[in-house]
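Asker: next one to model:
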Amino acid sequence: MTDRLDRIERLVESNAKSIQALTDEMAEMKRDRDVMYNLMSELTSKQISTYSIMKNLDDRQSQLANQQQQLIDIIKSMNKEK
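Answerer: Residues are numbered from 1 along each chain as shown. Now for the predicted structure:
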C-alpha cells in the first residue's frame, strides 16, 4: 500500500510540475503576444506618419513644379517684350 501511495504521490508531483511548466509557458506566450501587438501598433503609427510625410513632400513638389512653370512663363514673356 505504501508503494502504491508513493507512486501516486510521485505522479501527482509530476503532474503539478507539468501544469506549472505549461502555466509558465502560457504566461510567457501572453507576454510575447502583448509585445508583438505593441510593436505592430508602433509600426502602424510610423507607417501613417511616413505616408503623411510622403504626401506632404509630393504636394510641395507639385507646388515647386507649378512655381517653376510660372517662372518660365514670366521669363518667356519678358523675352518676348524685348
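
Asker: for residue 46, give me its contacts.
Answerer: Under the criterion of C-beta atoms under 8 Å, 6 or more residues apart in numbering, residue 46 has no neighbours. Bear in mind the C-beta positions are built from the backbone N, C-alpha and C, glycine included.

Asker: poorly predicted segments of this structure, please.
Answerer: By pLDDT under 70, the weakly predicted segments of the chain are 82.

Asker: and the helices in it, which stretches?
Answerer: 2-81 (DSSP state H).

Asker: what's the burial count for residue 25?
Answerer: Around residue 25 there are 10 other residues, counting by other C-beta atoms under 10 Å.

Asker: now do residue 43
Answerer: Neighbours of residue 43 (other C-beta under 10 Å): 10.

Asker: just residue 75 next, same as before
Answerer: Neighbour count for residue 75, taken as other C-beta under 10 Å: 10.

Asker: likewise residue 23?
Answerer: By other C-beta under 10 Å, 10 other residues sit near residue 23.

Asker: any idea how far it lies from residue 30?
Answerer: Shown here: residue 23 relative to residue 30, a distance of 11 Å by C-beta to C-beta, to the nearest Å.

Asker: with residue 65 instead?
Answerer: To residue 30, residue 65 is 52 Å away according to C-beta to C-beta.

Asker: check residue 14 too.
Answerer: Distance check for residue 14 against residue 30: by C-beta to C-beta, it reads 25 Å.

Asker: can you check residue 60 too?
Answerer: Here the criterion is C-beta to C-beta. By it, residue 60 lies 45 Å from residue 30.

Asker: now swap in residue 37 and tell me
Answerer: According to C-beta to C-beta, residue 37 stands 11 Å off from residue 30.

Asker: how about residue 59?
Answerer: Separation of residue 59 from residue 30 (C-beta to C-beta): 44 Å.

Asker: buried residues, stretch 48-64. List them.
Answerer: Residues of stretch 48-64 classed as buried by neighbour count (16 or more other C-beta atoms under 10 Å): none.

Asker: show me how far that stretch is from its chain's centre.
Answerer: 22 Å (C-alpha atoms, centre = their mean, to the nearest Å).
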